[in-house]
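> missing the sequence, but the structure's below:
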């Protein structure tokens, strides 16, 4: 069977532990607190629960499109969005490169949308699981652009 429980557990570990590690290593801190932000900037406490739910959805979606060969487009796009997702935080919070982070997050959004489009043919549930992720990243893109503009 292609979708074994062990594979699901590994995807949860990859997504969850990777996300926690990136977040811990590049915590926003005083620099971010001192930035001028738009009025629609959510409180800091919203990010933790939001990303927890999104990481669960991302892991389940990957498990649903995963094949041992991993040669199909949805899985390639899944790996690309993981890399971009993990890249954004160090670029934004670590290097404090808001403009470069905007480029990364816009590319991330494009890859997420491409995943949804390609997964739709193979596994519609996986595609739908990425819709909240796309919505959050679109919101985060607008927020990133707004902070850059201030």
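Yep, it's here. Remember, it's a predicted structure, so these values are computed and weren't measured experimentally.

> in terms of helices and strands, where is the residue most central in space within the chain?
The centre of the chain sits closest to residue 85, judged by C-alpha atoms, centre = their mean, with a distance of 4.4 Å. Assessed by DSSP states H and E, residue 85 sits inside helix 73-89.

> give the contact list for residue 36.
147, 150 (C-beta atoms under 8 Å, 6 or more residues apart in numbering). No exception for glycine: its C-beta is placed from N, CA and C like everyone else's.

> I'd guessed residue 105 sits against residue 138; true?
No: between residue 105 and residue 138 there is no contact under C-beta atoms under 8 Å: 9.3 Å.

> give me the more crowded residue out of the two.
Shown here are residue 105 and residue 138; by other C-beta atoms under 10 Å, residue 105 has more neighbours (24 against 15).

> next one: the more buried one from residue 19, what distance?
Applying C-beta to C-beta, to the nearest Å, the value for residue 105 to residue 19 is 15 Å.

> cool, and residue 122?
When distance is defined by C-beta to C-beta, residue 122 is 25 Å away from residue 19.

> the more surrounded of these two?
Counting neighbours by other C-beta under 10 Å for residue 122 and for residue 19 shows that residue 19 has the greater number, 20 against 15.

> what about that one, helix or strand, and which?
helix 5-25.

> now that helix: mean pLDDT?
Throughout helix 5-25, pLDDT has a mean value of 79.

> which other helices and strands contact the next helix or strand after it?
Per DSSP H and E, the first helix or strand lying C-terminal to helix 5-25 is helix 29-33. Packed against helix 29-33, as judged by 3 or more C-beta pairs under 8 Å, 6 or more residues apart in numbering; DSSP states H and E, are no other helices or strands.
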